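Student: 3D, please:
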Amino acid sequence: MRNLMYMLIDLLSGAIVALPLAWLFLRLCGNRRGKRFLLYSLFILYLCKMFDVVGIPALQYVRWDPNISLIPLTDEKNLRFFLQLGLNAAMFAPFGFLLPVLWRKCRKWNVTVLSGFLLSLFIELIQLFSSRATDVDDLLMNTLGAGLGYSLARIFFHKKWTRDTAPGTFKVSDSLSLTVSILIPLLTIVLVRTPISDCIYRLPLFD
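Tutor: Model (predicted):
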């Protein structure tokens, strides 16, 4: 139960800043009505937690500490290894699912899969500056997870997409709006999540 509380605090510490900034961005360049607003909020919360899980370091903990594995599937082939591969794919499936729902340009499978690959590659490169390993297996499985998420979105929403003639959520280009939407939770994790969580942990409740 205590571990769950710490997980919620870590999520809250990022989301308390990322969500208002994302809502402001959505208001400035699009709209915030209906299901798309809720899904966009869910996307931001998901990224906050995902960046926390993969170990994006806070600014004060950034250091050059490379641990690189460039040859795929070289670890010991046991249950834990395959479970980790499955968890990596599952972690990126929501990314692949939400992208085509929120951004029209991502309704092409190659755009969503490429976006998942580039985000995963960025995460692996960032991990060169933390204690986490940069592993090609993670890159492959994260990309696969984005593809699986896209496939699920296509199954559920393809007919709606073909009938959808309403204007998009964003008035700026999909590429720009997606990039900003990823950068908001990323920078929140790097710059302000740790100071906020430290303040929370100083409350009498945690004495």
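Student: which intervals of this structure have sub-threshold pLDDT?
Tutor: 1-4, 6, 30-34, 75-77, 162-172, 205-207 (pLDDT under 70).
Student: Show me where it has its strands.
Tutor: 68-69, 134-135 (DSSP state E).
Student: which residue sits closest to the residue nearest in space to the middle of the chain, ignoring its sequence neighbours?
Tutor: Nearest to the mean C-alpha position of the chain, by Cα atoms, centre = their mean, lies residue 47 at 3.1 Å. In this structure, residue 47 finds its nearest non-sequential neighbour in residue 185, 4.1 Å apart by Cβ to Cβ, 6 or more residues apart in numbering. (C-beta placed from N, C-alpha, C; glycine too.)
Student: what about that neighbour, neighbour count?
Tutor: Neighbours of residue 185 under the rule other Cβ atoms under 10 Å: 28.
Student: And residue 50, by the same measure?
Tutor: 20.
Student: show me the residues around it that make contact.
Tutor: By Cβ atoms under 8 Å, 6 or more residues apart in numbering, the contact list for residue 50 reads 91, 95.
Student: possible to save the strands of the chain as JSON lines with distance to residue 202 and mean neighbour count?
Tutor: Below are those laid out as JSON lines (distance: least, Cβ to Cβ, whole Å; neighbours: other Cβ atoms under 10 Å):
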{"stretch": "strand 68-69", "distance to residue 202": "37", "mean neighbour count": "12"}
{"stretch": "strand 134-135", "distance to residue 202": "34", "mean neighbour count": "20"}
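Student: Let me know which of those is the nearest to residue 106.
Tutor: strand 134-135 (25.8 Å; Cβ to Cβ).
Student: Distance from that closest one to the middle of the chain?
Tutor: 17 Å (Cα atoms, centre = their mean, to the nearest Å).
Student: Over to stretch 53-68?
Tutor: With Cα atoms, centre = their mean, you get 16 Å for stretch 53-68.
Student: which residues sit against that stretch?
Tutor: So stretch 53-68 is in contact with 91, 123, 126-135, 186, 189-191, 193-194, going by Cβ under 8 Å, 6+ apart.
Student: same check, this time on stretch 123-143
Tutor: Taking Cβ under 8 Å, 6+ apart as the rule, stretch 123-143 contacts 51, 54-57, 61-73, 75, 85-86, 88-89, 91-92, 113, 116-117, 119-121.
Student: are any of those buried, and which?
Tutor: Burial by neighbour count, 16 or more other Cβ atoms under 10 Å: within the contacts of stretch 123-143 this picks out 51, 54, 56-57, 85, 88-89, 91-92, 113, 116-117, 119-120.
Student: Filter the residues you listed down to just the ones in helices.
Tutor: 51, 85, 88-89, 91-92, 113, 116-117, 119-120 (DSSP state H).
Student: Kindly indicate which of those lies nearest residue 158.
Tutor: For these, the nearest to residue 158 is residue 113 (16.2 Å; Cβ to Cβ).
Student: quick one: contacts for the residue nearest to the centre of the chain?
Tutor: 18, 95, 181-182, 185-186.
Student: Of all pairs in those residues, which one spans the longest distance?
Tutor: Spatial extent of the contacts of residue 47 (Cβ to Cβ) is set by the pair 18 and 95 at 15.6 Å.
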